[in-house]
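[1] let's see this in three dimensions:
(2 chains)
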Amino acid sequence: DQQVKQNSPSLSVQEGRISILNCDYTNSMFDYFLWYKKYPAEGPTFLISISSIKDKNEDGRFTVFLNKSAKHLSLHIVPSQPGDSAVYFCAASGSGSARQLTFGSGTQLTVLP
Amino acid sequence: DAGVIQSPRHEVTEMGQEVTLRCKPISGHDYLFWYRQTMMRGLELLIYFNNNVPIDDSGMPEDRFSAKMPNASFSTLKIQPSEPRDSAVYFCASSFLQNIQYFGAGTRLSVL
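    Here you go, the predicted model:
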């Protein structure tokens, strides 16, 4: 039972354009969401997060949007750069879960120069 | 801070051997997590500790797997005996605030 789903295994975008990565969740108890970026042979690196009391959070080129009614979140990267090429994981946790994260399967983003 | 440190980075062993993976969390962090990443199952949580005490080990696949945290700066994940299906990348992560977990670089385990 996948509680966090990333339905696109891969995404290719031209440099300078917007990258949009999507994530869906099924557990209504999740109230905190994170995006991690992972390069080959490295561990996942925290990118940006959002609490369920918000619907948007920005950090530089990265913006996360949360639609609670649709149980959907997305990560926007504008403008995309070749260095953004990596696997992006969506993760979620619930208030009663003592910081336990449930991860999606990841989306490989390739930014073409 | 140097971040979460895992050792070894790569481990190749033969089926039936004991394997010990090590992790040093970020100083001051009170939670430590062990994950396994495989192509089939993605990133799955194996066990996590709070203040050196195991809280939830429901993700540990079998009794062959065990984890300890003898102090705030060190944890081990042991597989005894190892099997080829244990081949994966094992990550350790630690956290303190806001559910943000910081990951080590991982240990790539190959069991032949």
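[2] point me to the residue of chain A nearest chain B.
    A:G43 (3.3 Å; Cβ to the nearest Cβ). Every C-beta, even on glycine, is put in place using the N, C-alpha and C of the backbone.
[3] measure stretch A:32-44 end to end?
    18 Å (Cα to Cα, to the nearest Å).
[4] now stretch B:44-62
    The first-to-last residue distance of stretch B:44-62 comes to 14 Å (Cα to Cα).
[5] buried ones in it?
    Neighbour-count burial for stretch B:44-62, with 16 or more other Cβ atoms under 10 Å in any protein chain shown as criterion, is recorded at B:E44, B:L45, B:L46, B:I47, B:Y48, B:F49, B:P54, B:D56, B:G59, B:M60.
[6] same check on stretch A:84-101?
    Neighbour-count burial for stretch A:84-101 [16+ other Cβ under 10 Å]: A:84-94, A:97, A:99-101.
[7] go on, stretch B:7-22?
    Within stretch B:7-22, the residues scored as buried using 16+ other Cβ under 10 Å are B:E11, B:T13, B:V19, B:L21, B:R22.
[8] nearest to chain A within chain B, name that residue for me.
    Per Cβ to the nearest Cβ, B:F103 is where chain B lies closest to chain A, at 3.3 Å.
[9] how close does that residue sit to A:F89?
    According to Cβ to Cβ, to the nearest Å, B:F103 stands 10 Å off from A:F89.
[10] now A:Y32
    Per Cβ to Cβ, A:Y32 is found 15 Å from A:F89.
[11] just to revisit the earlier point, helix/strand/coil for the residue of chain A closest to chain B?
    Using DSSP: H, G, I helix; E, B strand; the rest coil, the structure places A:G43 in coil.
[12] can you pick out the most distant pair from the buried residues of stretch B:7-22?
    For these, the farthest-apart pair by Cβ to Cβ is B:T13 and B:R22; their separation is 14.7 Å.
[13] run a quick neighbour tally on A:V111.
    Number of residues near A:V111 (other Cβ atoms under 10 Å in any protein chain shown) recorded here: 21.
[14] for the closest residue to B:V53 other than its chain neighbours, give me its contacts.
    Leaving out its chain neighbours, the residue that sits closest to B:V53 by Cβ to Cβ, 6 or more residues apart in numbering or on different chains is B:M69, at 7.7 Å. Contact partners of B:M69, counting by Cβ atoms under 8 Å, 6 or more residues apart in numbering or on different chains, are B:L32, B:F49, B:N52, B:V53, B:P54, B:S75.
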